[in-house]
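J.: using only what follows, build the 3D model:
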Amino acid sequence: MIYADYGSEHFAPEEIVSHLHGWEITRSCELYPEDFNQNSWENFWHGNPRSREFGNPVNAGGVKLILQNAQGKKVMFIYLRTDAVQTYKVLKDAGKTPNVIVIQDHGFGGNWTFFGGGEAEEDSPLYLLAVDSLPNYILVGDGCTTPWNGYTAVTEAAEFQGMHVNNRTLYKLKR
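T.: Model (predicted):
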């Protein structure tokens with residue numbers, strides 16, 4: 001799982017993981033642009049000047065965590081403090097297209113563009129990047145984000161903490 005968000009005030013992946021009840025960090029290591037065949041965090045920012053209104057490559061970073069639950073299942077969790085849209089492109093170009101992505105449109109700013117679907121789908125740079133290789137799942141912020149076309153809800157809404165408390169629903173791509 002890869003989480004890209006330039007909006008956090010401090011680089012605290014442990015705080016995000018604390019909301020994944022039943023999982024604990026067993027290993028961690030810092031990540032660098034070179035881990036993604038890039039030479040700078042600058043490459044993780046979209047060319048649109050608005051992408052720098054809320055985040056900046058100077059504050060970028062990354063960490064890879066190995067999480068484990070009580071049953072012994074392990075999951076790799078990558079947290080990147082980068083622009084989500086351009087990070088998706090970097091991952092796609094490297095052949096590492098995510099299986100699950102979070103789309104969350106906030107009504108009070110914080111995103112330089114829209115992520116969601118519906119009528120805004122054609123205006124979503126993230127959707128336009130993903131359309132030829134859509135992820136199997138999207139985790140959608142309820143109440144402020146429309147799921148992309150072609151996805152069906154597979155869970156009830158669950159509350160996630162963060163900058164804002166939001167319910168999110170997991171959707172699966174209909175194949």
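J.: any stretches of the chain with poor pLDDT?
T.: For the chain, the stretches with pLDDT under 70 are 8-11, 106-110, 118-121, 157-166.
J.: what about the strands in it?
T.: Ranges of strands in the chain, per DSSP state E, are 2-4, 23-31, 62-69, 74-80, 100-103, 137-141, 151-153, 158-160, 166-173.
J.: which parts of the second one are buried?
T.: Put plainly, it is strand 23-31. 23, 25, 28 (16 or more other CB atoms under 10 Å). C-beta: built from backbone N, CA, C; applies to glycine.
J.: next: the third one.
T.: Neighbour counts using 16+ other CB under 10 Å place 62-65, 67 of strand 62-69 among the buried residues.
J.: pipe those into CSV and attach distance to residue 43 per row.
T.: Formatted as CSV, the buried residues of strand 62-69 follow (distance: CB to CB, whole Å):
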residue, distance to residue 43
62, 13
63, 18
64, 18
65, 23
67, 27
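J.: related to what we said a few turns ago, so which of the strands of the chain is nearest residue 12?
T.: Closest of the strands of the chain to residue 12 is strand 74-80, at 9.0 Å (criterion: CB to CB).
J.: can I see the domain layout of this protein?
T.: 1-81, 99-175 (automatic domain parsing).
J.: rewinding a little: taking the buried residues of strand 62-69 together, which two end up most distant?
T.: Among the buried residues of strand 62-69, the pair separated by the greatest distance (CB to CB) is 62 and 67, at 15.8 Å.
J.: which residue ranges of this protein form helices?
T.: According to DSSP state H, the chain carries its helices in the segments 13-17, 84-93, 125-130.
J.: now those helices as JSON lines including mean neighbour count?
T.: Output for these, formatted as JSON lines (neighbours: other CB atoms under 10 Å):
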{"stretch": "helix 13-17", "mean neighbour count": "16"}
{"stretch": "helix 84-93", "mean neighbour count": "21"}
{"stretch": "helix 125-130", "mean neighbour count": "19"}
